[in-house]
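Q: okay, here's the prediction I keep looking at, along with the sequence it came from:
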Amino acid sequence: MTETAFDFDFGLLKDLTETSGVPGYEDRVRELVREELATETDEVRTDAMGNVVGTIYGSDGDAGDDATGAGDTYEVAVAAHMDEIGFMVKHVTDDGFLKLDALGGWDARVLRAQRVTVHTDDGDVTGLIGSVPPHTLDEEQREKEEAVEDVVVDLGRDADEVAELVSVGDLVTMEQSTVRMGETVTGKALDDRICVFAMLEAARRIEEPDVTIHFCATVQEEVGLRGARALGVDVDPDLAVALDVTVASDVPGVDPDKEVTELGEGTAIKLKDSSVITTPKVHRRLRAVAEDESIPHQLEVLPAGGTDTAGFQNTNGAKPVGAISIPTRYLHTVTETANGEDVAATIDLLTAFLRTETGAHDYSL
């Protein structure tokens with residue numbers, strides 16, 4: 001595949017991934033998602049936490065039947081989270097440097113010498129995470145394990161100007177563009193905007209489904225699946241399918257059993273992660289649909305990390321759940337990388353699964 005062969009709307013993917021939105025403050029990306037869902041679904045609403053739900057009513061549904069608009073129609077929830085990992089300013093030093101509190105899981109090793117955007121009341125400000133030159137480090141400093149609490153942000157301004165410009169509680173995101181790189185796309189916040197994108201693309205392709213489908217863009221996943229758990233009560237689906245990225249450590253130096261998935265081998269059908277064991281009949285039907293439609297796919301057994309799948313499984317009583325993942329290298333960095341064909345396969349599988357869901361499949365155990 002060449003750099004111009006992406007069979008999907010790369011412009012929308014670029015907008016989604018480059019727009020800021022840390023846990024609890026997903027405002028900018030939420031507006032973008034709302035705009036897209038408004039053109040592809042019958043109704044769009046936002047709850048008190050900021051989750052966005054765009055609903056396409058099934059052939060037996062009636063938008064006036066009840067609070068959710070689905071009546072007795074079989075309901076499916078599709079979920080992907082909008083938030084990205086980032087930071088909140090916790091202290092401004094007397095010298096004008098910023099100290100940060102992490103919003104989500106960061107490996108401090110990847111933060112050194114990165115540009116960031118500080119979101120202040122007066123607008124966005126570029127800063128950088130400083131790095132002491134190796135020439136001046138002593139042996140103890142060289143061996144010290146890096147931690148987020150040691151990170152400082154330099155705004156290139158004097159202390160008085162910084163104190164006037166920045167407040168405790170201001171948000172900080174990584175500054176990075178999303179680009180095509182050979183057969184891949186790379187940038188920040190592919191976790192999980194690339195799956196929000198896949199969900200929106202599937203919504204574009206769905207017309208007159210047999211069942212009611214709620215396309216859910218969730219919040220605060222990176223700090224404990226909080227948005228999905230709240231949404232599982234409000235939406236209360238009969239079946240839930242979550243979308244998220246998954247580990248692809250198919251790079252030199254990693255043992256094959258630690259790779260989890262491989263780039264270019266297709267979308268990943270989740271069997272488990274640390275938060276959920278997916279319903280066997282759901283992941284088997286996902287696999288059957290992929291095989292029937294000749295959609296490239298692989299199986300995912302993720303030893304660590306949770307997803308919105310768990311947020312729906314038992315929030316409002318036990319529910320059948322499944323999950324589809326996009327293999328991604330270098331997770332939780334500013335160079336997260338996914339294969340374009342895997343993205344296309346994810347969109348194809350989700351679309352085919354939803355088109356063939358009639359509400360008559362037996363997912364009981």
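A: Thanks, I have the structure now.

Q: low-confidence ranges, the stretch 51-200 of the chain, go.
A: The model of the stretch 51-200 of the chain has pLDDT under 70 over residues 60-71, 131-144.

Q: what about the strands in it?
A: 52-56, 75-81, 86-92, 98-103, 115-120, 123-129, 152-154, 171-174, 179-181, 184-187 (DSSP state E, counting those that start in this stretch).

Q: out of the ones you listed, which is closest to residue 37?
A: strand 52-56 (3.2 Å; C-beta to C-beta). The way it works is simple: take the backbone N, C-alpha and C, and place the C-beta from them, glycine included.

Q: quick one: list the elements packing against the closest one.
A: helix 27-40, strand 43-46, strand 212-218 (3 or more C-beta pairs under 8 Å, 6 or more residues apart in numbering; DSSP states H and E).

Q: quick check: residue 265 touching residue 325?
A: No. If you go by C-beta atoms under 8 Å, residue 265 and residue 325 don't touch, sitting 11.9 Å apart.

Q: which of those two has more neighbours?
A: Taking neighbours as other C-beta atoms under 10 Å, residue 265 and residue 325 compare with residue 325 leading, 28 against 17.

Q: which residues touch that one?
A: Shown in contact with residue 325 (C-beta atoms under 8 Å, 6 or more residues apart in numbering): 243-246, 261, 267-270, 300, 302, 307, 346.

Q: now do residue 328
A: Listed by C-beta under 8 Å, 6+ apart, the contact set of residue 328 reads 190, 191, 194, 245, 246, 247, 248, 336, 337, 338.

Q: dump the residues you listed to CSV, plus neighbour count.
A: Output for these, formatted as CSV (neighbours: other C-beta atoms under 10 Å):
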residue, neighbour count
190, 28
191, 25
194, 27
245, 26
246, 24
247, 23
248, 29
336, 25
337, 20
338, 26
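
Q: just name the most buried of the helices and strands packed on strand 52-56.
A: strand 212-218 (a mean of 30; mean count of other C-beta atoms under 10 Å).

Q: that one packs against which elements?
A: helix 27-40, strand 52-56, strand 75-81, helix 190-205, helix 226-235.

Q: residue 213 against residue 78, yeah?
A: Yes. Residue 213 lies in contact with residue 78 (C-beta under 8 Å); the separation is 6.5 Å.

Q: joint contacts of the two?
A: residue 354.

Q: domains for the chain, by residue range?
A: Using automatic domain parsing, the domain ranges for the chain come out as 10-84+188-355, 86-174.

Q: quick one: the first one to chain centroid distance?
A: Taking the mean C-alpha point of domain 10-84+188-355 and that of its whole chain, the gap between them comes to 8 Å (C-alpha atoms, centre = their mean, to the nearest Å).

Q: and it, how far apart are its ends?
A: Domain 10-84+188-355 has an end-to-end distance of 24 Å (criterion: C-alpha to C-alpha, to the nearest Å).

Q: now swap in the last one and tell me
A: For domain 86-174, the first-to-last residue distance is 7 Å (C-alpha to C-alpha).

Q: hmm, back to that, the helices and strands packed on strand 212-218: which one's closest to residue 9?
A: Of those, nearest to residue 9 by C-beta to C-beta is helix 190-205, at 7.1 Å.

Q: so which elements touch the closest one?
A: By 3+ C-beta pairs under 8 Å, 6+ apart, helix 190-205 packs against helix 10-18, helix 27-40, strand 75-81, strand 212-218, strand 239-247, strand 321-329, strand 336-339, helix 340-355.

Q: among these, which comes closest to residue 159?
A: helix 27-40 (29.2 Å).

Q: so which residues make contact with that closest one?
A: The contact list for helix 27-40 (C-beta under 8 Å, 6+ apart) reads 12, 15-16, 19-21, 44, 46, 50, 52, 54, 56, 82, 193, 196, 200, 203-204, 215, 217, 219.
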